[in-house]
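> I would like to see how this sequence folds:
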Amino acid sequence: MIIFDILTLFPDFFTAPLKESILGKAQEKGLIQVRVRNIRDFAKDKHHITDDSPFGGGAGMVLKPEPVVEALEKTKEKGSHSILLTPQGGIFSQKVAEDLLSFSQVVLICGRYEGVDERIRNFVDQEISLGDFILNGGEAAALVMIEVVSRLVSGVLGKEESSLSDSFSDGLLEYPQYTRPRSFRGFTVPEVLISGHHKEIKRWRLRESLKRTFLRRPDLLENKKLSFEENELLNDIKKELTSLQEKRYESVGDN
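Purely as a prediction, here's the structure:
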């Protein structure tokens with residue numbers, strides 16, 4: 001089991017999402033545990049103030065170091081890993097999620113306002129960002145991270161192989177998925193998927209996964225070590241795309 005501790009100024013943000021679907025069931029089964037702690041509870045003054053104006057002037061407020069560090073120190077247990085959610089952190093990825101499985105407790109600190117007092121960074125193990133965009137705070141990012149990591153915990157998903165075919169699990173985007181009906185408004189399911197030939201289906205899925213990755217996220221292929229079969233399929237895909245492009249040029253030329 002892995003324990004997630006969320007340190008936040010807005011604990012009610014998590015009430016509904018943590019009860020729903022996979023996360024709710026995973027907690028009921030005791031596969032994961034999520035605890036939400038209000039940073040204000042660790043403020044020493046009678047008004048529970050957690051922010052203040054920045055030294056040197058400027059707009060907005062800054063999250064004070066005392067309540068955050070106090071909350072962190074009172075929360076951390078043996079085998080824990082603390083993370084400050086901040087746009088200045090390293091980018092979250094499937095690989096980062098897999099690495100977090102090695103810890104028995106993950107403490108997620110949700111930043112707010114114009115940022116956190118710089119000295120807080122001295123007390124955390126890691127800083128993580130979801131990407132190059134701006135959120136109101138770290139709460140939404142914390143939910144995303146908990147869901148991604150939880151999916152990797154054994155028993156959380158209905159079928160263990162489900163997570164293995166997800167996009168990014170093997171460094172590639174997921175292949176196209178289809179269900180009933182076989183035909184919908186002129187669009188039909190590829191014949192190979194209803195052929196019953198499992199080996200051909202597996203090869204088709206690998207090819208489509210490579211093709212989708214090559215077209216949409218070629219950067220994922222730059223550092224991926226491809227197998228002989230994957231290289232063979234990728235070369236075939238490139239030839240196919242080149243042929244299609246040449247035909248389009250010929251068609252334009254004829255007009």
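
> every contact and neighbour count from this point should use C-alpha atoms.
OK.

> so for this structure, the centremost residue is which one?
With distances taken as Cα atoms, centre = their mean, Val148 lies nearest the centre of the chain, 4.9 Å away.

> wait, that one sits on Ala97?
Yes - using Cα atoms under 8 Å, Val148 makes contact with Ala97 at a distance of 6.6 Å.

> next SSE after the host helix or strand of Glu73?
Glu73 is part of helix 65-75 when elements are defined by DSSP states H and E. Downstream of helix 65-75, the next assigned helix or strand under DSSP H and E is strand 80-91.

> now the helices: where do they sit in the stretch 1-150 of the chain?
Remark: helices assigned in the stretch 1-150 of the chain by DSSP state H, counting those that start in this stretch are 21-28, 65-75, 94-100, 139-150.

> of all these, which one is nearest Trp204?
Distance to Trp204, taken as Cα to Cα, is lowest for helix 94-100 among the helices of the stretch 1-150 of the chain, at 24.2 Å.

> the closest one: how far from the chain's middle?
9 Å (Cα atoms, centre = their mean, to the nearest Å).

> spell out the residue ranges of the strands in this protein.
2-8, 32-38, 51-52, 62-63, 80-91, 105-110, 126-129, 183-184, 187-188 (DSSP state E).

> dump these to JSON lines, plus mean neighbour count and distance to Glu174.
As requested, the strands of the chain are exported to JSON lines (neighbours: other Cα atoms under 10 Å; distance: least, Cα to Cα, whole Å):
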{"stretch": "strand 2-8", "mean neighbour count": "24", "distance to Glu174": "27"}
{"stretch": "strand 32-38", "mean neighbour count": "18", "distance to Glu174": "26"}
{"stretch": "strand 51-52", "mean neighbour count": "17", "distance to Glu174": "43"}
{"stretch": "strand 62-63", "mean neighbour count": "22", "distance to Glu174": "40"}
{"stretch": "strand 80-91", "mean neighbour count": "19", "distance to Glu174": "21"}
{"stretch": "strand 105-110", "mean neighbour count": "25", "distance to Glu174": "28"}
{"stretch": "strand 126-129", "mean neighbour count": "19", "distance to Glu174": "24"}
{"stretch": "strand 183-184", "mean neighbour count": "10", "distance to Glu174": "22"}
{"stretch": "strand 187-188", "mean neighbour count": "10", "distance to Glu174": "19"}
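
> how much space is there between Lys29 and Val156?
With distances taken as Cα to Cα, to the nearest Å, Lys29 is found 9 Å from Val156.

> kindly report the same for Pro190.
31 Å.

> do the same with Pro181
29 Å.

> so for those two, which residue has more residues nearby?
Val156 (20 against 9; other Cα atoms under 10 Å).

> so what's the more buried one up against?
Contact analysis of Val156 by Cα atoms under 8 Å, 6 or more residues apart in numbering lists Ile22, Lys25, Ala26, Leu31, Ser150.

> which one of those residues is nearest Glu139?
Ser150 (16.5 Å).

> which ones are touching that closest one?
Contacts of Ser150 (Cα under 8 Å, 6+ apart): Leu23, Ile32, Val156.
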